[in-house]
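Colleague: heads up, no residue letters with this:
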Ligand code: LAC
């Protein structure tokens, strides 16, 4: 469901061909036809194709990997690691065989570990393999803050970093509403509740739907595709391979990055509070535990 949502969001922007691949017969073809038929109404002329093989995606600039099984109620993202390692590994291999110069954006869970799989299988440089999590997690935090303060979510600036799991880190020191620090607007214990709800935000949707979310994850991923395709140089939280930044080495984690045609064109290092630094290290520890379960944890 995330894949088709990204496809639709990108199609609406009207500047790129979109290819949807799925192993289920007729499914990607049907989704592509449906998205194409929305074009005359919504005003785009994007050519969307659906296929069960990768040939049609040859020469893609960006490959978004959403394949894998989603969570069911009661499951953590980490419960998916062994099944999705095989799926993401195979998808990466087939996708890059036809698009060797592409940028890979990973969305499959457990996200941080699946980024390791895509990087190991592709051997692409870190600039061209990264994951979507931070824009989604930040969007959840922004939504809750907007509801709490009765302001537009568009004017809530926030940042959620770290692993895409229960130990993600909301950077309250960098969170403002229209430039006013959140701590001036909302009481500390209430902020803690919003932070907690954000960390469990994906699970809250899974409980309601019986499967994981797709509208917000799809929109977040499309924003990353957009930043790359239009060379926007956006500074957005993405899951990047760290090589010493934030004191973390050899691990995928959510940090602010600059996104453009080259993929990750820079990693932005913020001054975090002592508490935030500690929480980020703890989040890294949790990610390392999942990565250690991978066959090829390299
Ligand atoms: C979520 C899933 C997509 O957070 O990880 O909703």
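Modeller: Alright, I've got the coordinates. These numbers come from a predicted model, not from an experiment.

Colleague: only C-alpha atoms for contact and neighbour calcs from this point on.
Modeller: Fine.

Colleague: tell me which residue in this protein sits closest to the ligand.
Modeller: residue 202 (3.8 Å; Cα to the nearest ligand atom).

Colleague: what sits against that residue?
Modeller: 212-213 (Cα atoms under 8 Å, 6 or more residues apart in numbering).

Colleague: hmm, residue 129 is touching residue 101, no?
Modeller: No. Between residue 129 and residue 101 there is no contact under Cα atoms under 8 Å: 11.3 Å.

Colleague: who has more neighbours out of the two?
Modeller: More crowded of residue 129 and residue 101, by other Cα atoms under 10 Å: residue 129, with 25 against 14.

Colleague: and stretch 5-24, what's buried?
Modeller: 5-12, 16, 18-22 (16 or more other Cα atoms under 10 Å).

Colleague: same thing with stretch 35-51?
Modeller: Here stretch 35-51 shows 35-36, 39, 44-51 as buried, counting by 16+ other Cα under 10 Å.

Colleague: go on, stretch 101-109?
Modeller: Here stretch 101-109 shows 102-109 as buried, counting by 16+ other Cα under 10 Å.

Colleague: okay, now the unreliable bits of the stretch 51-200 of the chain?
Modeller: Applying pLDDT under 70 to the stretch 51-200 of the chain picks out no residues at all.

Colleague: so where do the helices sit in it?
Modeller: In the stretch 51-200 of the chain, the helices defined using DSSP state H, counting those that start in this stretch lie at 81-98, 111-122, 134-149, 182-185, 188-199.

Colleague: just put these in TSV and tack on distance to residue 226.
Modeller: Putting the helices of the stretch 51-200 of the chain into TSV (distance: least, Cα to Cα, whole Å) gives the following:
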stretch	distance to residue 226
helix 81-98	20
helix 111-122	20
helix 134-149	13
helix 182-185	29
helix 188-199	25
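
Colleague: pick the most buried one from these.
Modeller: Comparing the helices of the stretch 51-200 of the chain by mean neighbour count (mean count of other Cα atoms under 10 Å), helix 111-122 ranks first with a mean of 26.

Colleague: circling back to that earlier point, is it possible to get CSV of the buried residues of stretch 5-24 that adds pLDDT, secondary structure and distance to residue 151?
Modeller: Shown next, in CSV, are the buried residues of stretch 5-24 (pLDDT from 0 to 100; DSSP: H, G, I helix; E, B strand; the rest coil; distance: Cα to Cα, whole Å):
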residue, pLDDT, secondary structure, distance to residue 151
5, 98, helix, 27
6, 98, helix, 27
7, 98, helix, 30
8, 98, helix, 28
9, 98, helix, 25
10, 98, helix, 28
11, 98, helix, 30
12, 97, helix, 27
16, 96, coil, 34
18, 98, strand, 35
19, 98, strand, 38
20, 98, strand, 37
21, 98, strand, 39
22, 97, coil, 40
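
Colleague: how is this protein carved up into domains?
Modeller: 2-131, 134-297 (automatic domain parsing).

Colleague: is stretch 99-106 up against the ligand anywhere?
Modeller: No. Judged by Cα under 6 Å from any ligand atom, stretch 99-106 makes no contact with the ligand; its nearest approach is 11.1 Å.

Colleague: residues contacting that stretch, please?
Modeller: Here stretch 99-106 makes contact (Cα under 8 Å, 6+ apart) with 57-66, 96, 114-115, 118, 128-132, 221, 263.
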